[in-house]
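**Student:** Build me a structure from this.
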Amino acid sequence: MNMMSLRLVFILLPALMLSACGFHLRGVQGDARAAGPVLIAGLPPGNLFVRELRHQLKLAGVALTDDPDQAATVLRLGHIDSKRALFSVNANNKAVEYEIRLRLPFRIEHPPGHKGEQQYLESRYLAYDPGGQLLGRTREARLRQDDAYRDMSRRLIDRLAKLGGQ
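**Tutor:** The predicted structure is shown next:
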């Protein structure tokens, strides 16, 4: 065997062994566009999470609709449950960090009317509260919440992609 074919064997052999054991790279396994057009129901259109979800769906190329008759998939969102717990205190025993946990119940109906099982997305983030500038704390808390909503939206799109790939 020459060096080129030996290199090829050493590259392909681990790839074949990994695929044989069920290993898959993280990421979208299907195409979320196949689940569209999607109707988002349950939360009002002005909700911050719904606005972020609509934005992420548009970026993913998923068609959206507001007409139930045109929808190929209905995404029923429940109320986002938010819980806040103390995470850390400073030397004066004053709370400085809080852990915020978000939980979103949802149901994917594909095709519409077919009741899928209730599922949940969870996310957590830390909110820093050192005192002092209220505007800065409020802005940071909002940015962290936006990041959590973006992450939850992307994971929901991954679930739609798996559904579209079936």
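**Student:** Give me the residue ranges of the protein where confidence is low.
**Tutor:** 1, 16, 18-30, 130-136, 164-166 (pLDDT under 70).
**Student:** Go again with 90.
**Tutor:** 1-36, 72, 84-100, 110-118, 124-145, 159-166 (pLDDT under 90).
**Student:** now the strands: where do they sit in it?
**Tutor:** 38-41, 73-77, 81-89, 95-109, 119-128 (DSSP state E).
**Student:** Could I get the CA-only coordinates of the longest one as PDB?
**Tutor:** Coordinates of each C-alpha in strand 95-109 appear next as PDB, following Å, rounded to 0.1, in the frame of the first residue of the first chain:
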ATOM      1  CA  ALA A  95     -28.000  38.300  47.100                       C
ATOM      2  CA  VAL A  96     -26.000  39.100  44.000                       C
ATOM      3  CA  GLU A  97     -26.900  36.300  41.500                       C
ATOM      4  CA  TYR A  98     -30.200  34.600  40.700                       C
ATOM      5  CA  GLU A  99     -30.900  31.500  38.700                       C
ATOM      6  CA  ILE A 100     -33.800  32.000  36.300                       C
ATOM      7  CA  ARG A 101     -35.500  28.800  35.000                       C
ATOM      8  CA  LEU A 102     -37.800  28.900  32.100                       C
ATOM      9  CA  ARG A 103     -40.100  26.100  31.100                       C
ATOM     10  CA  LEU A 104     -42.200  26.100  27.900                       C
ATOM     11  CA  PRO A 105     -44.900  23.400  27.400                       C
ATOM     12  CA  PHE A 106     -45.700  22.800  23.700                       C
ATOM     13  CA  ARG A 107     -47.400  20.400  21.400                       C
ATOM     14  CA  ILE A 108     -46.700  19.800  17.700                       C
ATOM     15  CA  GLU A 109     -49.700  18.800  15.600                       C
END
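**Student:** so what secondary structure elements neighbour it?
**Tutor:** strand 73-77, strand 81-89, strand 119-128, helix 134-164 (3 or more C-beta pairs under 8 Å, 6 or more residues apart in numbering; DSSP states H and E). In this view, the C-beta of every residue, glycine as well, is placed from N, C-alpha and C.
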